[in-house]
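> below: sequence and its predicted model.
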Amino acid sequence: MSSERRYTPTHEWIQSFGDASRMRVGITEFAQKEITDVVFVELPKIGKKVPQGAEVAIIESVKAAFSIYAPMGGEVVAVNGSIESNPALVNADPYGAGWLFELRIDNAAEWDSLLDEKGYQALLSSGTAGGH
Amino acid sequence: MEPTLWQKSRPGARGVFPPGVPPEIFETRCPEGLRRESPLSLPELSELDVVRHFTRLSHLNRGVDTHFYPLGSCTMKYNPKIMDRIPEIAGFRDLHPRIAPEGMQGLLESLYTLEELLGHLLGMEAVTLAPAAGAHGELTGILIARRYFESRGDRGRTEILIPDSAHGTNPASAAMGGFSVRVLPSGNDGGVDLAHLEEALSERTALVMMTVPSTLGIFEKDLLKMVAMVKASGALLYMDGANFNAFMGLLRPGDLGFDIVHINTHKTLATPHGGGGPGSGPVGVKAHLAPFLPSPRIRKEGERFSLVSPKTSIGPIRSFIGSSLVLLRALGYLQMLGAEGVRRVALYALLNANYLRARLSGTLPRTGSGLCAHEFVLSAKELGAEGLHASDLAKEILDAGYYAPTISFPLIVPEAMMIEPTETESKETLDRFAEDFRKIVERARSNPSRVKEAPRRTPVSRPDEVSAARDPVLADPASLRAL
């Protein structure tokens, strides 16, 4: 059973699919649109440990390079290799086939610091959501 | 379109005939395993073919010698042509880098004079001319800060704070210098948020790196408060002075309280830009950091100049004594301008930017309010309603006969267009650009599909940037076939 999807103010999403301690991370529809055509993704190494909010991946478009931050702290346990050969997946299906990596979560309590769907939509409509 | 050198290649055509290597030398000096089995595959052309090829390419290009070039953040001003004469002065040009200091007193004196002039303009007690570029200057400054804290036995300062409006090279330099980076978010006015700074400062903070004026073309209104907060925390203050053109002769980073500052000679001091390098990124520091400057240092004793390598130095960061011929251009430019001229460069850079900013008001919304510094940032976000991006507008600007402004930077402004006219443009040029820009924005609203097709007047219209980045072909297919 998948969990609710939660968000960061820097436009990452995080969600679990079955195992609540294992979370999948990607960028939002808004982010993929802002970034425009993704041309390169630098994914973390499996086994890398990251605290909440640390830079963990880089997405490059023809516009610029964008840092991707860990929505929650943990250890990288899987990466989506298919986006390395086909970065267009990040644009085409940001919540599905365009996911970036999976984390084994250190501290479940960090979940509460994330934005829910309503909170994230409110952030987008407030207009303060600038670049990524 | 001009064909490639491969397409123009004619078998047997030659420009130069290098002396052949006598076979006996080849046999004795070149180990067998390292010899080519087949001839090197290179295009064959006469000297005149090559001259015409590159001359034609240069005519397809746009540069500051042919077009207004408001490429924000880059300071694409006109460099007086007479500066090209300086590196040709035989006494400088023909010096071998390994010559003993007694044989290059003139060069050492010139560079020493430039160090003193820059120190005076930056309000700093010591200057190094060694770094090979602006970002290299950043790294040098960061290594100096690191050595400073080490010398005090303070090993807990591992973090560098950088506002999100800073130059993008700052975080990279900090990471390369062995520090972790913490980003300070901007407030709604585009300035650094003091509450965030207060919260981020700690006994772990080694350095706070400020770009002044910021990439939004703004002098931080709370800069002096920020300086005081950083000083109180025990951290050092670094100023990215890449935008020297906005404050040269008007404002001295040392007087504001900064400990370290770098500048980029190519943006302000009439040295070559981009491929025309090499670059140079002098760094100025306060007296307490002078012992750590890279070696060798130029020392003056009486009328004699020598090179010394103090034990406290972070060591050499570049071969020999920096990009000396480029630095001589910077010295020539400063001496040509004189104190009043230096001030007027910055004043006119500020005036031109503010004039153009005012002329463009009502076209696209600007990020920030009030006066700007040497550049300003507009947002083309509202043209998203017509399906247009800042890049589309930039291509229409090319058709109007200009180089395009910087787009998509700084990242904190959606669909940013960053415009920097520089001091070397006339009012007439700025008026013409303002009128054309206004028409282009109107056209983007009334006829967006036309703007989508721009540019129509350039040799290449819209290269497929996405495919080029996703599936790069990095060699000429013809050359690959020839292998």
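Yes, it's here.
> strands of chain A, residue ranges please.
Remark: strands assigned in chain A by DSSP state E are A:6-7, A:12-16, A:22-27, A:38-42, A:49-50, A:55-61, A:65-69, A:74-79, A:101-105.
> whoops, the stretch 251-400 of chain B was the one
B:260-262, B:283-285, B:297-301, B:304-308, B:376-379 (DSSP state E, counting those that start in this stretch).
> what about the last one and chain A, touching?
No: between strand B:376-379 and chain A, judged by C-beta under 8 Å from any C-beta of the partner chain, nothing touches; the nearest distance is 9.5 Å. C-beta here means a position set from N, CA and C on the backbone, and glycine is covered the same way.
> check whether residue B:51 sits in a helix, strand or coil.
Secondary structure assignment for residue B:51 (DSSP: H, G, I helix; E, B strand; the rest coil): helix.
> please read off the pLDDT at the nearest residue to residue B:439 once chain neighbours are set aside from the model.
Excluding its sequence neighbours, the residue lying closest to residue B:439 (C-beta to C-beta, 6 or more residues apart in numbering or on different chains) is residue B:400, at 8.0 Å. Confidence at residue B:400, expressed as pLDDT, is 97.
> ditto for residue B:433
We note a pLDDT of 98 for residue B:433 in this prediction.
> for it, which non-adjacent residue is spatially closest?
Counting by C-beta to C-beta, 6+ apart, residue B:68 is the residue found nearest to residue B:433 once chain neighbours are left out, at 5.8 Å.
> quick one on the thing from earlier: which one of the strands of chain A lies nearest to residue B:19?
Evaluated with C-beta to C-beta, the strands of chain A place strand A:38-42 nearest to residue B:19, the distance being 45.8 Å.
> which residue packs closest to the residue nearest to the spatial centre of chain A, ignoring adjacent ones?
The geometric centre of chain A, computed from its C-alpha atoms, lies nearest to residue A:26 (C-alpha atoms, centre = their mean), at 2.8 Å. With sequence-adjacent residues excluded and distances taken as C-beta to C-beta, 6+ apart, residue A:26 is closest to residue A:99, at 4.3 Å.
> and the one you found, what does it touch?
Residue A:99 makes contact with A:24-26, A:80, A:83 under the criterion C-beta atoms under 8 Å, 6 or more residues apart in numbering or on different chains.
> again, 7 Å this time
A:24-26, A:80 (C-beta atoms under 7 Å, 6 or more residues apart in numbering or on different chains).
> also residue A:13?
Taking C-beta under 7 Å, 6+ apart as the test, what residue A:13 contacts is A:5-7, A:26, A:28, A:95.
> can you select the buried ones among the residues you listed for me in ChimeraX?
Here is the ChimeraX command that selects only those of these that count as buried (16 or more other C-beta atoms under 10 Å in any protein chain shown):
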select /A:5,6,7,26,28
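> which of the contacts of residue A:13 sits closest to residue B:360?
The nearest one, if we look at those relative to residue B:360 and count by C-beta to C-beta, is residue A:28, at 32.8 Å.
> how near is the closest one to chain B?
Taking C-beta to the nearest C-beta, to the nearest Å as the measure, residue A:28 falls 15 Å from chain B.
> what pLDDT does the nearest residue to that residue once chain neighbours are set aside get?
Leaving aside its chain neighbours, residue A:28 sits nearest to residue A:11 (4.8 Å; criterion: C-beta to C-beta, 6+ apart). Predicted confidence (pLDDT) for residue A:11: 96.
> how about the one 10 residues further on?
Model confidence at residue A:21, given as pLDDT, is 91.
> could you tell me how many residues sit around it?
With neighbours defined by other C-beta atoms under 10 Å in any protein chain shown, the count for residue A:21 comes to 12.
> hmm, back to that, dump the strands of the stretch 251-400 of chain B to CSV, plus mean neighbour count and mean pLDDT.
Output for the strands of the stretch 251-400 of chain B, formatted as CSV (neighbours: other C-beta atoms under 10 Å in any protein chain shown; pLDDT from 0 to 100):
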stretch, mean neighbour count, mean pLDDT
strand B:260-262, 30, 98
strand B:283-285, 31, 98
strand B:297-301, 15, 97
strand B:304-308, 15, 97
strand B:376-379, 25, 97
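> and the ones you listed as a markdown table, adding distance to residue B:341?
Supplementary listing: these in a markdown table, determined by distance: least, C-beta to C-beta, whole Å:
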| stretch | distance to residue B:341 |
| --- | --- |
| strand B:260-262 | 21 |
| strand B:283-285 | 21 |
| strand B:297-301 | 26 |
| strand B:304-308 | 27 |
| strand B:376-379 | 25 |
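> write out the residues of chain A neighbouring chain B.
A:34, A:37, A:39-40, A:62-64, A:87, A:130-131 (C-beta under 7 Å from any C-beta of the partner chain).
> tell me which of the residues you listed is nearest to residue B:303?
For these, the residue nearest residue B:303 by C-beta to C-beta is residue A:64; the value is 51.9 Å.
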